[in-house]
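**Q** predicted model and sequence below, questions to follow.
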Amino acid sequence: MRIATWNVNSVNARLETVLKWFEAAQPDVACLQEIKCIDEKFPNDAFERLGYNVVVHGQKTYNGVALLSKSPMEDVRRGLPDPGEDEQARYLEAIISGPTPVRVASIYLPNGNPVDTDKYPYKLRWMDRLTRHARDLLALEEPLVLTGDYNVIPEARDAAFPANWEGDALFRPETRQAFRALKYLGFTDAYLAGDGAPEAYTFWDYQVGAWQRNNGIRIDHALLSPQAADVLSGVSIHREVRSWEKPSDHVPFVIQLDL
DNA sequence: ATGGTAGACCTTCTA
């Protein structure tokens, strides 16, 4: 089973490109982020024609996440527990049915910039809520994949020019510490387990020729429970998609589980 | 050098 994550930066503005990739890559499950539309404006028909079931947690203008799966989905959760005043659509979880069910979450973790505004504490609180929920899910001892745009550069090796990111919300010590706190609950970083080659970025900014200079960062991740890590058989970053016409600033990241 | 690009949507916010 191949499970993909992709921040598409507007599913409707990018639909032609997104469908082109789906037809070529044929993921069994896909987690999309930044769909930038409400549920009613998600292009369900286009994905259903490709054989996918569709679950959407959308929002007007900003954010929004979706799950696409060739097999039916159950136990859908929209949003993290303890939302409080949080109305941003950044978390969507479901069980992918099959001989061995796997629980998959599509995550769009807050960016957090600028760090001297309430956006940064919001990011850290959101990470804390994710970590508490992840702890509960791990206790179920089932195959679990938490994947998406984490907006976290875990280590200096995950940026082409790490010095450029000093002080940025994606690379601040508190951010990296919070990511480690999540991971060290017992997760495996699928990319590091499956390949681990440096200069394996998933995001290149639209600005100042970041793609042309390979000024990238690795911020799209898949964290696996032990039951998922045991069956991990491959990972791939679809880097070439960044060179297509009208690209997202992120590229798809795909993991393969032998389920 | 505080720039540059992209998307939603209505003038500016987010990334």
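**A** Perfect, I can see it now.
**Q** quick one: residues in contact with the longest helix along chain A.
**A** Secondary structure assigned by DSSP state H gives helix A:119-138 as the longest helix of chain A. When contacts are defined by Cβ atoms under 8 Å, 6 or more residues apart in numbering, helix A:119-138 is touched by residues A:80-82, A:86, A:90-91, A:103, A:107, A:109-114, A:144, A:146, A:151, A:169, A:172, A:174-175, A:178-179, A:181-182, A:185-187, A:223, A:225. All C-beta spots, glycine's among them, are computed from the backbone N, C-alpha and C.
**Q** how far away from the center of its chain is that helix?
**A** With Cα atoms, centre = their mean, to the nearest Å as the basis, helix A:119-138 stands 15 Å off its chain's centre.
**Q** all helices of chain A, in order?
**A** A:15-25, A:44-49, A:119-138, A:173-183, A:190-194, A:226-229.
**Q** let's have these in JSON lines, adding mean pLDDT.
**A** Output for the helices of chain A, formatted as JSON lines (pLDDT from 0 to 100):
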{"stretch": "helix A:15-25", "mean pLDDT": "97"}
{"stretch": "helix A:44-49", "mean pLDDT": "98"}
{"stretch": "helix A:119-138", "mean pLDDT": "98"}
{"stretch": "helix A:173-183", "mean pLDDT": "98"}
{"stretch": "helix A:190-194", "mean pLDDT": "95"}
{"stretch": "helix A:226-229", "mean pLDDT": "98"}
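**Q** DNA strand B: which of these is closest?
**A** helix A:119-138 (5.6 Å; Cβ to the nearest atom of the strand).
**Q** what residues sit buried inside the closest one?
**A** A:120, A:123-127, A:129-131, A:133-134, A:137-138 (16 or more other Cβ atoms under 10 Å).
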